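[1] I'll drop the sequence and a predicted model, then ask my questions.
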Amino acid sequence: MILPEIGHFALVLAFAIALCQAVFPIYGYYTQQEGFMATAKPLAVMQGLALALSFGLLMYGFLSHDFSLKYVADNSNLDLPWYFRMSAVWGAHEGSLLLWALILALWGVAVSLLSRGIPEKMGSLVLSVMGMIAVGFLAFMLFTSNPFVRILPFMPGNGADLNPLLQDPGLIFHPPMLYMGYVGLSVAFSFAVASLISGEFDSSWARWSRPWTAVAWAFLTLGIALGSWWAYYELGWGGWWFWDPVENASLIPWFIATALMHSLAVTEKQGLFRRWTLLLAIAAFSMSLLGTFLVRSGVLTSVHAFANDPERGVFILGFLVVVVGGSLTLYAVRASKVSTPGEFGWISRESFLLFNNLLLTVMAISVLLGTLYPLLVDALGGDKVSVGPPFFNAVFVPLTAILVSGMAFGPLSLWRRSDDPKLFRPLIVALIVSVLCGLLWPIVFEDEFATGTAVGVSLAVWVAIATQIDVFRKVRAYGSLKTALARVERGIIGMWMAHLGVAFMIFGVVMVENHTEHRDLRMGVGDTQVLGPYDVRMTNVDIIQGPNYAADQATFEIYEGEQLYKTVYPQKRRYNASGMVMTEAAIDSGFTRDLYIAMGEPLDGGDWAIRLSVKPFVNWIWGGAFLMGFGGFVSITDQRFRRRVKVREASSSSEPGGAAA
Amino acid sequence: MNPKRKQRLLIILGLVAALGVAVGLVLYALSQNINLFFTPTQIADNQAPDSRIIRLGGMVAEGSVERDPESLEVSFGVTDFQNQVRVTYTGILPDLFREGQGVVVQGRVLNRELQATEVLAKHDENYMPPEVTEALRQSGQLDKLKGMTQ
């Protein structure tokens, strides 16, 4: 029974350690006392251990049904299976903040263990900044959202249960992945702030923060993709993206982080764009804090807006103001000292990456404006308004098309000057092939010609072929595919994967958005409906018992001509503890299409409202996103990120990049 | 001006111009695509435009849900306890749709009725959409809401 107190104590201890971690190293830096600077790494590890203990004890509280803990009593139940009791730890506000803090601390541990190649001064400043962020978050938890609050002496005999929406394997992985990404951006942020404090802006800080940014970006990509996939089968009625404010909140830092990855490449290789890169690093983490604020404050109407306490929003908003205001002030004071040497030709890889950054920034700003606009209007005393998918579609379809058209040029061009037309000549073939594919696809595979499909397929093929051209050039330069894969920078291989992922994703999105067959029907037992090339027959409705719910379960037989192709069982569940009703769709997943069958509500005479749809190539959306994420992980396996300090002097900006390699 | 400076100046001017144009277009798109929110009383008073998609928030009136026996057509009343607006909808209602609960509906007004294109789901029994709270606050019936959720 005393374990939760130890968990609470560990949390307080972590707060105290974070305070030391924030203050000692930077004090040591300014007074030039190495002893103080050297405390950074052990303190970061200790903070990680304290939070791991705290987190472990909260999880133990869930596993052992300790309903004297208010958080457990609110979010668990005796009937809840053990794996959902584990994931319930981050199923609501307090616990998800603890996960946030734990992940921040783990990033700190990772930095302190893997930063041997980085000078002591820099490493301790980075950890100091991460300590400051931790102080803010742990204070927030301890003062407004403590997960270890007890209900004593009259503890409930059973818990209120986890929100049924969250009783799904998707929830086990989606929040931790997303938080790894959100919080991981704090490392790039800390590197930027540390270099602003120390005044060292050579390309080495870009090389140090590049792998961290890539990992954070990869996690963010996977987290968003998992969230979208979860929404698709659990709450979306078959949609994959809703432009919901909270989805947008994760997309804004994603766009900025994507811009940052590209801009860091320029800063590392060419020493250019330094100020801009610093600003992006600050912006990326600020946007993930903003995202946390939007999710946790309940100021927005959103699928994620669970009952919330608005007071908490004020605290995070204050924290946001301190972090953003503080870092931008530092930037304003110091950035003028950042010199940017060198220039570049109007047609060069730098120019294309600048173009990429411009578009990604505009995309981030558009999502930000669309998301915050209702809040701003409301705060200024105007009408209550909402901004929905039509706005985002109107803005994003053209922006994505422009961005993706340009994606072909960057990898094929050279640094500094790239005005030799020979470099781009293969793109003429790519252009012809992609336009042909775009025109032929709707004619051959679809019933009617759709311009959107033609343009979308062209763009996807365009990017895919341009990426292949780059791969082909490298293979030719190195003699064989095997040597090329072994010798080419891993960052380039990661880029190929990510760019191919974009092509797959665009193809999937275009297909789903333009060619989904979708019908809401009234069906009774014995009814047959046509679904794409199949006949779907509803043969039965049973009542079944799950571990903590009862469900109406329909049986659908899917026929391909006369042949029975598959039998599926969609459910309508009613959870015992909360009485909440949930839809479990039956999905037959495939490479070229998903069949989606969901039960609506019961109607008179034993009939049911039924949703039937065929979603062409829907899995390509997430497949593409996963390929992008894995590309991010591949890019950090590059040898040069593990080189020691001394070696690095010899190797600045002379690495072979681009087509000449 | 040396060429490096000149290039930098041109780039910055170009970027600022491009950003300006982009943000202008985004704001234009925004002004064309916002959905205004109305309370049942405002619609009953004929304040809502009939040409645009609007949002309506309130409580689903008790005993007001009527299903068509043949199709998926459904109609229900949305009330702020002062006025009630009839909403018609064809399709599947969200799982947490229930009489006596808060609801947010999107659609067009026709003859002081709302033809809904979307009935928005909420995902937590205790969560009340801000629009619903606002509608009840305006009609002075907010205490009814508090009495219900307790």
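    Yep, that arrived. Numbers count the residues shown, from 1 in each chain, chains lettered A, B, ... in the order given.
[2] What mean pLDDT does the helix or strand harbouring A:Ala214 get?
    In this assignment (DSSP states H and E), A:Ala214 forms part of helix A:203-230. The average of the pLDDT scores along helix A:203-230 is 92.
[3] That helix: how far from the chain's middle?
    Its chain's C-alpha centre and that of helix A:203-230 lie 8 Å apart, by CA atoms, centre = their mean, to the nearest Å.
[4] now stretch A:442-458
    Worked out by CA atoms, centre = their mean, stretch A:442-458 lies 30 Å from the chain centre.
[5] And stretch A:116-131, by the same measure?
    On CA atoms, centre = their mean, the centre of stretch A:116-131 falls 26 Å from that of its chain.
[6] One more: stretch A:150-170?
    That offset, for stretch A:150-170, works out to 28 Å (CA atoms, centre = their mean).
[7] distance between the ends of that stretch?
    29 Å (CA to CA, to the nearest Å).
[8] Quick check: mean pLDDT of it?
    85.
[9] can you tell if it touches chain B?
    Yes. Stretch A:150-170 reaches chain B (CB under 8 Å from any CB of the partner chain) through A:163, A:165. Any C-beta I mention is one placed from the backbone N, CA and C, and that applies to glycine too.
[10] And the contacts of that stretch?
    A:4, A:65, A:67-70, A:72-80, A:83-84, A:87-88, A:91-92, A:226-227, A:229-230, A:233-235, A:306, A:548-549, A:573, A:575-578, A:580, A:582, B:123-124 (CB atoms under 8 Å, 6 or more residues apart in numbering or on different chains).
[11] before we move on, what SS does the residue in the stretch 401-550 of chain A positioned nearest to chain B have?
    Of all residues in the stretch 401-550 of chain A, A:Asp520 sits closest to chain B, at 4.9 Å by CB to the nearest CB. Under DSSP: H, G, I helix; E, B strand; the rest coil, A:Asp520 falls in the strand class.
[12] Give me the neighbour count for it.
    17 (other CB atoms under 10 Å in any protein chain shown).
[13] which ones are touching it?
    Going by CB under 8 Å, 6+ apart, A:Asp520 touches A:600, A:609-611, B:72, B:90-92.
[14] again, 10 Å this time
    A:237, A:598, A:600, A:609-613, B:71-72, B:90-92 (CB atoms under 10 Å, 6 or more residues apart in numbering or on different chains).
[15] same deal with A:Tyr331?
    A:Tyr331 neighbours (CB under 10 Å, 6+ apart): A:192-193, A:196, A:275, A:278-279, A:281-282, A:338.
[16] Please, which helix or strand holds it?
    Counting by DSSP H and E, A:Tyr331 is found in helix A:310-334.
[17] So for the residue nearest to B:Ala135 when sequence neighbours are not counted, what's the pLDDT?
    Excluding the flanking residues, the one nearest B:Ala135 by CB to CB, 6 or more residues apart in numbering or on different chains is B:Thr39, at 4.0 Å. B:Thr39 is assigned 90 on the pLDDT scale.
[18] Secondary structure class of the closest residue to B:Ile11 other than its chain neighbours, three-state.
    Nearest-residue entry for B:Ile11: A:Leu354, 7.2 Å, with adjacent residues in sequence omitted and distances by CB to CB, 6+ apart. Three-state call for A:Leu354 (three-state DSSP): helix.
[19] Was I right to think A:Val457 contacts A:Phe449?
    No. With contact defined as CB atoms under 10 Å, A:Val457 does not reach A:Phe449; the gap is 11.8 Å.
[20] and for those two, which residues touch both?
    Between them, A:Val457 and A:Phe449 share the contacting residues A:439, A:441-442, judged by CB under 10 Å, 6+ apart.
[21] how many neighbours does B:Val65 have?
    The burial count for B:Val65: 16, using other CB under 10 Å.
[22] show me the contacts for it.
    Applying CB under 10 Å, 6+ apart, the residues contacting B:Val65 are B:74-77, B:87, B:93, B:97-99.
[23] ok, now A:Ala401?
    So, once contact is read as CB under 10 Å, 6+ apart, A:Ala401 ends up touching A:455-456, A:458-459, A:506.
[24] List the buried residues in the lengthiest helix in chain B.
    The residue-count maximum for a helix in chain B (DSSP state H) belongs to helix B:3-33. Within helix B:3-33, the residues that qualify as buried are B:11, B:15, B:22, B:25-26, B:29-30, B:33, counting by 16 or more other CB atoms under 10 Å in any protein chain shown.
[25] Neighbouring strands - and their directions - for the helix or strand following it?
    Next in sequence after helix B:3-33, counting helices and strands by DSSP H and E, comes strand B:34-38. Using DSSP bridges, the strands paired with strand B:34-38 in its sheet are strand A:385-387 (antiparallel), strand B:54-60 (parallel).
[26] worst average pLDDT in these?
    strand A:385-387 (a mean of 85).
[27] what does that strand rub up against?
    A:243, A:245, A:248, A:300-301, A:369-374, A:376-378, B:29-30, B:33-37, B:53-55, B:104, B:106, B:120, B:131.
[28] pLDDT on stretch A:32-49, on average?
    Here the average pLDDT along stretch A:32-49 is 94.
[29] An error on my part: the question was meant for stretch A:394-403.
    The average of the pLDDT scores along stretch A:394-403 is 93.
[30] One more: stretch A:452-467?
    pLDDT averaged over stretch A:452-467 gives 95.
[31] How about stretch A:638-654?
    Mean pLDDT, computed over stretch A:638-654, is 53.
[32] tell me which of the shared contacts of A:Val457 and A:Phe449 is nearest to A:Leu330?
    Nearest to A:Leu330 among these, counting by CB to CB, is A:Trp441 at 51.5 Å.
[33] so what does the host helix or strand of the closest one touch, helix or strand wise?
    Here A:Trp441 sits within helix A:426-445, counting by DSSP H and E. If you count contacts as 3 or more CB pairs under 10 Å, 6 or more residues apart in numbering or on different chains; DSSP states H and E, helix A:426-445 packs onto helix A:409-412, helix A:451-478, helix A:490-515.
[34] Tell me how far the residue in the stretch 1-150 of chain A positioned nearest to chain B lies from A:Leu57.
    Closest to chain B within the stretch 1-150 of chain A is A:Ala92: 10.0 Å, counting by CB to the nearest CB. The gap separating A:Ala92 from A:Leu57 is 17 Å, by CB to CB, to the nearest Å.
[35] now swap in A:Ile282 and tell me
    Counting by CB to CB, the gap from A:Ile282 to A:Leu57 is 35 Å.
[36] got it, and B:Phe38?
    Distance of B:Phe38 to A:Leu57, given as CB to CB: 50 Å.
[37] Any buried residues in stretch A:44-64, and which?
    Neighbour counts over stretch A:44-64 (16+ other CB under 10 Å) mark A:44-55, A:57-59, A:61-62 as buried.
[38] what do you get for stretch B:134-141?
    So, applying 16+ other CB under 10 Å, buried residues of stretch B:134-141: B:134-136, B:139, B:141.
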